[in-house]
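Colleague: Quick one: sequence and predicted model below, then my questions.
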Amino acid sequence: MNFESKCVKDGEFKMEIRSHQFPLYATSSFDFDTIDQGIDIFSGKEKGLVYSRYANPNTTVIADKVAALEMHGLEGDVRALMTSSGMSAISTLMTSILGAGDAILTQGNLYGGTTELFVKVLERLGIRTHFANLKDLNKVEDLLRENPKIKSIYFETPANPTMDCVDISALAELGKKYGAYSVIDNTFCTPYLQQPFALGVDFIIHSATKYLNGHGNSISGIIIGRDVDIMEKKVWTTFKLAGTNASPFEAWILNMGIRTLSLRMDRHCANAQAIAEWLSTHPKVGKVNYNGLTSHPDHELAKRQMKGFGGMLSFELKGGLDAGIRFMNGISFCSLAPTLGDVDTLILHPASSSHVNVDKELRERNGITDGLIRLSVGIENSADIMTDLGNALEHA
Ligand SMILES: Cc1ncc(COP(=O)(O)O)c(C=O)c1O
């Protein structure tokens, strides 16, 4: 080989190396042994890797792993795809299963980005969204009966910021009765705490950026569907042509995070329960929203469909907006960060940050009052979290 060729070709190895950790396949494409094999793979006669926008070992392994966790203890086949973000999982799925003229039935307290996607993007593509209280199953049934164009019921449970829950199996059943796919965002629970497929749901999406990763060092999403045909045809076609795939590196990082999922979730739940109980007795705190408290209106429903109550909670400061700002300024151990599901405790005061530009009446209708604080409780020693919250409450 000449020098220039050596620069390009030398150091390549294709032998089997028994790496203990799953290697990172940072490659855009994959070699064929022969042109005949290439033709067979391209034409779909033979299964094989072609191009990382279509599939890559890292993204495939992790998508299949999350699918296996969602199917743990269940029978049947599923297909899964790893996307570049939670939002791309939602947009890829919804634009695959719906078209112009179809409609979505959903709740008013979805993750804000999802609401915006529905009303600002899907609406433009001719897909309408109906917002309703999905806890009112009679109303849901009336809407489905009156609007045959509703082809999907989309929900989150528990939902921000009040941790309201909806009845997964009842909504999935109504969806089946009226020909509407049920889609759940299972980000808050992960399959460790809640398995929506066991309750009859058709599709699950995740923002894997949150608890599945757990360490706040990557952005990605997952789509899992029980209808193999829809997943392999419609969803995969949108995925590969819209280019909503995740990068192999994000998948490699996610795989590391998921290894400790069960340990982390147990600790998130235990810490959140202890903190919720302690906050409930604090004189400066009004309402505490945590599904693990028997006072939460959805405690019984959450107990039925969740294995644990999760790491998310919110509480109201009696002193309102000013108290919220003083409280946030008093925090030193926890992080003021607008994400959730990381190993460290994250705190948000929506009225002065994420919802500062949202009409007060509108945000209050969704439970975001002036003094509301949202906590994503981490896995630190709970005493340290409480000391920090206690000090900040002194200022509130
Ligand atoms: C419940 C929920 N779903 C979806 C998303 C969107 O995920 P991503 O930021 O990975 O696109 C978020 C983001 O905060 C979320 O909280």
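Modeller: That came through fine. Being a predicted model, the structure only gives us computed values, none of them experimental. Numbering: from 1, shown residues only.
Colleague: low-confidence ranges in the stretch 251-396 of the chain?
Modeller: Of all residues in the stretch 251-396 of the chain, none has pLDDT under 70.
Colleague: which residues in it form strands?
Modeller: Secondary structure of the stretch 251-396 of the chain (DSSP state E, counting those that start in this stretch): strands at 285-289, 312-317, 346-348, 372-376.
Colleague: Nearest to the ligand within the stretch 51-200 of the chain, name that residue for me.
Modeller: Residue nearest to the ligand within the stretch 51-200 of the chain: Gly86 (2.4 Å; C-beta to the nearest ligand atom). C-beta coordinates here come from the backbone N, C-alpha and C atoms, glycine included.
Colleague: who does the residue nearest to that residue when sequence neighbours are not counted bridge with?
Modeller: Leaving aside its sequence neighbours, Gly86 sits nearest to Ser207 (C-beta to C-beta, 6 or more residues apart in numbering; 2.5 Å). Assessed by DSSP bridges, Ser207 has beta-bridge partners Gly221.
Colleague: how many neighbours does Ser207 have?
Modeller: Neighbours of Ser207 under the rule other C-beta atoms under 10 Å: 29.
Colleague: contacting residues for it?
Modeller: Ser207 makes contact with 85-87, 89, 111, 185, 187, 221 under the criterion C-beta atoms under 8 Å, 6 or more residues apart in numbering.
Colleague: Could you tell me which of these are located in strands?
Modeller: The strands, defined by DSSP state E, take in 185, 221 from those.
Colleague: May I ask which of the contacts of Ser207 comes out lowest in pLDDT?
Modeller: Lowest pLDDT within the contacts of Ser207 is found at Tyr111 (93).
Colleague: Can you list the strands that the stretch of helix or strand Phe155 belongs to pairs with?
Modeller: For Phe155, the element it lies in under DSSP states H and E is strand 150-156. When pairing is defined by DSSP bridges, strand 150-156 lines up against strand 103-106 (parallel), strand 181-185 (parallel).
Colleague: How about the first one and the ligand, any contact?
Modeller: No - with C-beta under 6 Å from any ligand atom as the threshold, strand 103-106 lies outside contact range of the ligand, at a closest distance of 12.5 Å.
Colleague: what separates that strand from the chain centre, distance-wise?
Modeller: Computed by C-alpha atoms, centre = their mean, to the nearest Å, the chain-centroid distance of strand 103-106 equals 19 Å.
Colleague: before we move on, what about the longest one?
Modeller: For strand 181-185, the distance between its averaged C-alpha position and the chain's averaged C-alpha position is 12 Å (C-alpha atoms, centre = their mean).
Colleague: now whichever helix or strand comes after that strand: how far from the chain's centre is it?
Modeller: Counting by DSSP H and E, the next helix or strand C-terminal to strand 181-185 is helix 190-193. Centre-to-centre, helix 190-193 and its host chain are 11 Å apart (C-alpha atoms, centre = their mean).
Colleague: do stretch 42-53 as well
Modeller: 29 Å.
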